[in-house]
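Trainee: fold the following.
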Amino acid sequence: MPNPYLPNWEYIPDGEPRVFGDRIYIYGSHDKAGADAFCDTVLKCWSAPLSDPNNWVCHGDIFRTFEQDGRPADTDWTDARNHLFAPDVVEKDGKYYLYAYIVESKGCVAVADKPEGPFKLISRYKYTIPDSICCNGWFIDPGVFVDDDGRVYIYCGYQKSFMAEVDPDNMYEIKDNTCIEHIIPCELRPEDGFDEDGKLFFEACSMRKVNGTYYLIYSPKHCTRLAYATSDKPTGPFRYRGYIIDSGVDYPGGNDHGSIMCLNGQWYIFYHRMTNGTIMSRRGCVEKIEILPDGTIPPVEATSLGFEDSLDPYRITPADIACVLKDGGMITERNIFERYITNIKAGTVIGYKYFDFGDDNTGYDMGFSAHIGGAGTECKLHIFIDGYDEEHGGTEIGVCSIGHDSGIAETTVKCVTGRHSVFFKATTDHTGWMAKYFEGRDLFELKEFVFTK
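Mentor: Numbering: from 1, shown residues only. Below is the predicted model:
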């Protein structure tokens, strides 16, 4: 399954991946297409077998703060009727505990007998921490960690971070005198490698333990990135080690939130991308990563791959799995079945990484076909591999003419072998006053495309 790894109509940002038994579960917020606010009032869960992480199953709503469709709210206090942000789920003694952040509320803990729920409310958090430390008691975006010795920790924060220890006997009381502020600094701390170049804390705590080292994944102030810091203790101090992914490179940027998880011996970073022309309509993505012997994680680029090693150019590719959108271009959901790239202007670049064209070099040209939504004008679609123009290392392999009407645009392209990124660049032939007339005009919509031999 390419990115996004869930069905294209599902919007699960802030994904916390968890492995329970022989399945991978994803818990996150729940967005809507083209929304004007972050998240809604339900949490959903999806899972897939570890043996086939492309085969995802939806378990429906696992927690909600409003009555809907005849199902009552799962919270029983009136000030908790608000949006749900960035949850987490951990297992303790055979039970599964959901930690939910409810906007402008104290948040809560719920429990279930199965990883997919249904979850039943236990309690709000109980604590003696001053509200000034824990963001008015909101415990924003909780990342929860159960250590090997059975001790439980919660990591939270928005614009400033804090952590505390949770009583493992009930999983909702915060132990007295265990709160630590600024586990990741929001002001300069050069002695630990933190500086203002995208490394200071913004939000999105998530804790993992790898080979005895504690990894705190978080979103820094340059928040299209997910960064990480490490410690030899769950309470820190933490040392900045770098960033893992930047989802805003050559793509419409916004916040990011996710974590790392090992599946079948392969490590992945789960994150999200923006769609529908808003930072509040996000879909989950995943990339393979490597953890080196020294504990560092080399940065990876955002791709269209998801759990795949390569994309097949000879199968129809839906346009909306693009991982590069420059100078216009916007993934737009029309309905549950249709998602196109709209807002394509002269100069717009649309990119996909990576296709494997194979090693069968016939020496003859290949075919290229694109399913187009017409916009009443003529333009050209330049097809590149390895970069979006010659200046950026690209090689043009063909040009496709786009007409006024909707339909199939076809052309021939040079024979390609091996593994390559593919980029499309839209242009017009208009010059002079006509160029100014077409500046900023929508040229067409891209629905899907395919290469043929």
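
Trainee: ok, then the element right after the worst-scoring helix or strand of the chain on mean pLDDT?
Mentor: Least confident helix or strand of the chain, by mean pLDDT, DSSP states H and E, is helix 432-438 with a mean of 66. Downstream of helix 432-438, the next assigned helix or strand under DSSP states H and E is strand 444-452.

Trainee: packing partners for that following strand?
Mentor: Packing partners of strand 444-452 (3 or more C-beta pairs under 8 Å, 6 or more residues apart in numbering; DSSP states H and E): strand 317-318, strand 339-342, strand 366-374. Using the backbone N, CA and C atoms, a C-beta is placed for each residue, glycine as well.

Trainee: mind listing what's buried in it?
Mentor: Buried residues in strand 444-452, counted by 16 or more other C-beta atoms under 10 Å: 444-449, 451.

Trainee: I'd like to know how many residues surround residue 361.
Mentor: By the measure other C-beta atoms under 10 Å, the count of residues near residue 361 is 11.

Trainee: shift numbering so it begins at 54
Mentor: Okay, residue one is now 54; in that scheme the one you just asked about reads as residue 414.

Trainee: count of neighbours near the residue lying closest to it once chain neighbours are set aside?
Mentor: Using C-beta to C-beta, 6 or more residues apart in numbering and skipping the chain neighbours, the partner closest in space to residue 414 is residue 470 (4.9 Å). Counted with other C-beta under 10 Å, the neighbours of residue 470 add up to 12.

Trainee: kindly list the main-chain dihedrals of residue 470?
Mentor: Torsion angles at residue 470 (phi, psi; degrees, to the nearest 10) stand at phi -130, psi 160.

Trainee: and residue 444, by the same measure?
Mentor: Torsion angles, degrees, to the nearest 10, at residue 444: phi -60, psi -30.

Trainee: mind telling me what element the closest residue to residue 482 other than its chain neighbours is part of?
Mentor: Leaving out its chain neighbours, the residue that sits closest to residue 482 by C-beta to C-beta, 6+ apart is residue 433, at 7.3 Å. Taking DSSP H and E as the definition, one finds residue 433 inside strand 432-438.

Trainee: give the buried residues for the helix or strand that that strand is followed by.
Mentor: With elements assigned by DSSP H and E, the helix or strand that comes after strand 432-438 is strand 448-455. Residues of strand 448-455 classed as buried: 449-451, 453, 455 (neighbour count, 16+ other C-beta under 10 Å).

Trainee: could you do stretch 115-134 as well?
Mentor: If you call a residue buried by 16+ other C-beta under 10 Å, then stretch 115-134 has these buried ones: 115-119, 126-128, 133.

Trainee: can you list the residues that contact it?
Mentor: Stretch 115-134 is contacted by residues 80, 94-98, 114, 135-137, 140, 151, 153, 155, 157-158, 161, 163, 165, 169-174, 177 when judged by C-beta atoms under 8 Å, 6 or more residues apart in numbering.

Trainee: just the ones of those residues in strands?
Mentor: 80, 95-98, 114, 137, 140, 151, 153, 155, 161, 163, 165, 173-174, 177 (DSSP state E).

Trainee: residue 89 and residue 332, how far apart?
Mentor: Remark: distance between residue 89 and residue 332 (C-beta to C-beta, to the nearest Å) = 10 Å.

Trainee: the two: which is more packed in?
Mentor: Neighbour count, other C-beta under 10 Å: between residue 89 and residue 332, residue 332 has more, with 16 against 8.

Trainee: so the more buried one touches residue 309, yeah?
Mentor: No. If you go by C-beta atoms under 8 Å, residue 332 and residue 309 don't touch, sitting 10.4 Å apart.

Trainee: returning to that earlier point: ok, of the ones in strands among the contacts of stretch 115-134, which come out buried?
Mentor: Using 16+ other C-beta under 10 Å as the burial test, the ones in strands among the contacts of stretch 115-134 include 80, 95-98, 114, 137, 140, 151, 153, 155, 161, 163, 165, 174, 177 as buried.

Trainee: if we can go back for a sec, which of the helices and strands packed on strand 497-505 has the highest mean neighbour count?
Mentor: Of all the helices and strands packed on strand 497-505, strand 392-395 has the most neighbours on average by mean count of other C-beta atoms under 10 Å, namely a mean of 22.

Trainee: CA atoms only for it, dumped as CSV, please.
Mentor: Extracted C-alpha coordinates of strand 392-395, given in CSV (Å, rounded to 0.1, in the frame of the first residue of the first chain):
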residue,chain,number,x,y,z
ARG,A,392,-9.5,12.5,-5.3
TYR,A,393,-7.7,14.6,-7.9
ILE,A,394,-4.9,17.0,-8.0
THR,A,395,-6.4,20.4,-8.7
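
Trainee: which secondary structure elements does it contact?
Mentor: Judged by 3+ C-beta pairs under 8 Å, 6+ apart, strand 392-395 is in contact with strand 383-386, strand 497-505.

Trainee: right, and the helix or strand after it?
Mentor: Proceeding N to C from strand 392-395, the next assigned helix or strand is strand 402-409, under DSSP H and E.

Trainee: now that following strand, how far from the centre of its chain.
Mentor: Chain-centre distance of strand 402-409: 18 Å, with C-alpha atoms, centre = their mean, to the nearest Å.

Trainee: cool, and stretch 267-277?
Mentor: Chain-centre distance of stretch 267-277: 13 Å, with C-alpha atoms, centre = their mean.

Trainee: now it: mean pLDDT?
Mentor: If you average the pLDDT over stretch 267-277, you get 91.

Trainee: and for stretch 94-105, what are the contacting residues?
Mentor: Stretch 94-105 has contacts (C-beta under 8 Å, 6+ apart) with 59, 63, 65, 72, 75-83, 107-119, 121, 134-137, 140, 151, 153, 168-170, 316-317.

Trainee: what residues does residue 145 make contact with?
Mentor: Applying C-beta under 8 Å, 6+ apart to residue 145 gives the contacts 199, 203, 205, 221, 224.

Trainee: for those residues, work out which two are farthest apart.
Mentor: In terms of C-beta to C-beta, these reach their longest pairwise distance at 203 and 224, which sit 11.5 Å apart.

Trainee: re earlier: biggest separation within the buried residues of strand 448-455, which pair?
Mentor: Comparing every pair within those by C-beta to C-beta identifies 450 and 455 as the most remote, at 17.0 Å.

Trainee: what sits against residue 166?
Mentor: Taking C-beta under 8 Å, 6+ apart as the criterion, residue 166 is in contact with 148-149.
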